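In: I'll drop the sequence and a predicted model, then ask my questions.
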Amino acid sequence: MIFTISNLTQIQNFQKDLESTSIVPLDVESNSLDRLTALWITLQLKLGENTYIFHIPEFGVKNITYVTDLLKSSNKLIVGHNLKYDIGIIKVNTGIMLTNLHDTFTSEVIIFAGVGDFYPSLRDLVKKYCNTILDKESRELFINYKLGDILTEQMIQYAALDVQYVEKIRDEQLKLVDERKLNRTYELENKLVAVTTSMELNGVKIDSSKWAGLTQSALDDTRRLEEEIKDEIVTRLPRFENAYGACKAIGISKDADGNNLQTIKHSTPLKYITEYDFIVDWIRRNINVQSNAQIKHILQLAYNLDVTDTNEKTLLLLKNPPEIVSKILSFRERAKKQTTYGDNILDLIHKKTGRVHANFNQNGTSTGRYSSSQPNLQNIPRENDYRSCFIAEDGYDIITIDYDQQEYRLATGERKIIDAYLAGKDMHTLTASIINNVPLDKVTKEQRTNAKPVNFGLFYGATVWGLKYNLGISLEEAQRIYDAVLGGIPTFIGARNKFGDEILKRMYSKTLLGRRRYFKGQDRFEDTKEYQKFITKIKREGFNHIIQGTGADITKTALNLIYYENPFGEENLKIILTEHDEIVCEVRKEYSQPAFEFIKSKMLQAEQPFLGEIPASISGTISNCWSK
DNA sequence: CATGAAAGCGCC
DNA sequence: AAAGGGCGCTTTCATG
């Protein structure tokens, strides 16, 4: 039976049913995807055979808060799809965060990590597990709902539909969780859904005038550099018969007015621009410094550079780079700041809160890490100029804490690595001591710095050829370094093969928590070369998953500990960002010091069990802004 | 005009 | 034989 509830006198049956069930399928309908401003229209709860639909505008916020509190205090298990949305609406309107959850979305993603969809919809899961087609997303019916509207019969039917299947989906998912021994990952991730919700709703404050200043300066530089680059290019280009020839040679596909030149006819007017000055003028106006294809042709034509691409690494490794190269790189750096890190970030400041509420996709990666979007707060430039634009609200501080070499500490159980960390040294110092054949405490700063990219490369599975290319050294030197590291700390490279065979056999890798990443098989290969590539790729990715994914396990465990054990109250300690091995919180000033100690201790507590003898280590700051 | 791939680059 | 893991955003360019 479906019951629509619009006032308090109608909830007697609901309360009776609630007492006799511990699992509650839940869904929310509203008129917008923005949880902070959406009009909450219905709350649907399925209790046994009965479905209760609360019409919120009639039922009232005070009463729905009472109902939510019943769910929370009786610790019902809430089952729903992508609950980040629903519990967000509930939190915004009632102040209550539901935390005992089975999220069919999150659960599905971790069960099929690596081979499944990053965004399975409820409809997908209903089809898969219940063999039923949900013919319409009920949400569409509610978009035009206005305050004072009644619930139509159609709205009621569709709203009810969304809570009919999730329990069955949960049953099937739990079987898979069990089969795949994902229990710890399952617990971690479902607990984390409320933390992610809280983090997104908290948002982060931005000093917009400072940010706008950075953008303006980037714009000024971009324009200046563009002119300088064009000026220089036109003096270096060979002579062309006419503008058409220049256009073809440089690969200009669109002119400055946006006209498509690809479809250009043989009898194009460009052919009649033959005067030298006119050709130069035409080129000057129509080359696009942002077009990498054009830049490539220009470097080849005008500078005799044998380049197949123009990315930064390629350009930096050039033997005698012309001056234009550094100008191009500066231009790109400034242009990136002006576009990706420009006004569009300010456009995302929420009108109601004045803060930026990025999306944190809890399993937006195949390894178990978060991803972030709109905006991506996990790739803000590291420079203090940029990070310091993320500021604390009046009366608050920002606490930034990150793990020291989280992934290297997880890399192997190698004795030498353990001893190095126990001695207060780190992975880069150790590798430097091995490459240069000097004792740990004789390693110079420069040697350590030089060892960083070696570690970086080898850690991600670089071959000798990879080292040569990426470090810009000879093959012999690359081989020497590779052999030295392999000899000195064999498992740093060797572990990949050790685990690799197992990964290949099972076609999944697993982290120390048990989180899995599956790999897609391939039926047939044209030749053995292709097959070799396929194998080494899986070994690389699988090994990386063990490390990167365990890192994610640790950081996510810490987030849960901080959120659920927060002794200061959620208004006094808010988690606002996470960046893989880093957690950023906003804390009321009077609690800054104890909160700092609290967060540190929780992060260490989360990490230590995964490290064995190696000591967990973090570092952080209390500041008025996000800091390095 | 819309769409998707590819190049490039920001972060861990 | 041969070019390190994981992301998201912006732009260009080809295609239909």
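Out: Okay, I see it.

In: My guess is A:Leu512 contacts A:Asp553. True?
Out: Yes - using Cβ atoms under 8 Å, A:Leu512 makes contact with A:Asp553 at a distance of 6.7 Å. (C-beta placed from N, C-alpha, C; glycine too.)

In: what sits in contact with each of the two?
Out: With contacts defined as Cβ atoms under 8 Å, 6 or more residues apart in numbering, the residues adjacent to both A:Leu512 and A:Asp553 are A:Phe610.

In: Neighbour count: the two, which is higher?
Out: Neighbour comparison, A:Leu512 and A:Asp553: the larger count goes to A:Asp553, with 25 against 17 (by other Cβ atoms under 10 Å).

In: Am I right that A:Ser509 falls within a strand?
Out: Yes - with DSSP: H, G, I helix; E, B strand; the rest coil as the criterion, A:Ser509 is located in a strand.

In: Can you report how many residues lie near the nearest residue to it once chain neighbours are set aside?
Out: Taking Cβ to Cβ, 6 or more residues apart in numbering, and ignoring the residues beside it in sequence, A:Ser509 has A:Gly542 as its nearest neighbour in space, at 3.7 Å. Residues lying near A:Gly542 (other Cβ under 10 Å) number 25.

In: and if you look at A:Ile399?
Out: Neighbours of A:Ile399 under the rule other Cβ under 10 Å: 28.

In: Roughly how far does the residue of the stretch 151-300 of chain A found nearest DNA strand B sit from A:Leu225?
Out: Closest residue of the stretch 151-300 of chain A to DNA strand B, Cβ to the nearest atom of the strand: A:Asn292 (3.7 Å). As defined by Cβ to Cβ, to the nearest Å, A:Asn292 lies at a distance of 15 Å from A:Leu225.

In: which one of these two has more residues nearby?
Out: A:Leu225 (20 against 14).

In: how about the nearest residue to the more buried one once chain neighbours are set aside, what does it touch?
Out: Counting by Cβ to Cβ, 6+ apart, A:Leu225 lies nearest to A:Phe331, which is 4.1 Å off, once chain neighbours are set aside. Contact partners of A:Phe331, counting by Cβ under 8 Å, 6+ apart, are A:Thr222, A:Leu225, A:Glu226, A:Ile229, A:Val289.

In: secondary structure class for A:Phe331?
Out: Of the three states, A:Phe331 takes helix under three-state DSSP.

In: now it: how far from A:Ile324?
Out: In this structure, A:Phe331 and A:Ile324 are separated by 10 Å, where distance is defined by Cβ to Cβ.

In: Find residues that contact each of these two.
Out: Common contact partners of A:Phe331 and A:Ile324 (Cβ under 8 Å, 6+ apart): A:Ile229.

In: if I look at A:Asp34, how far off is A:Trp40?
Out: Distance of A:Asp34 to A:Trp40, given as Cβ to Cβ: 12 Å.

In: Between these two, tell me which one has more neighbours.
Out: A:Trp40 (21 against 15).

In: Is the more buried one in contact with A:Val28, as I believe?
Out: Yes - under the contact definition of Cβ under 8 Å, A:Trp40 touches A:Val28, with a separation of 6.8 Å.

In: which neighbours do those two share?
Out: Overlap between the contact sets of A:Trp40 and A:Val28, as judged by Cβ under 8 Å, 6+ apart, is given by A:Ile89.
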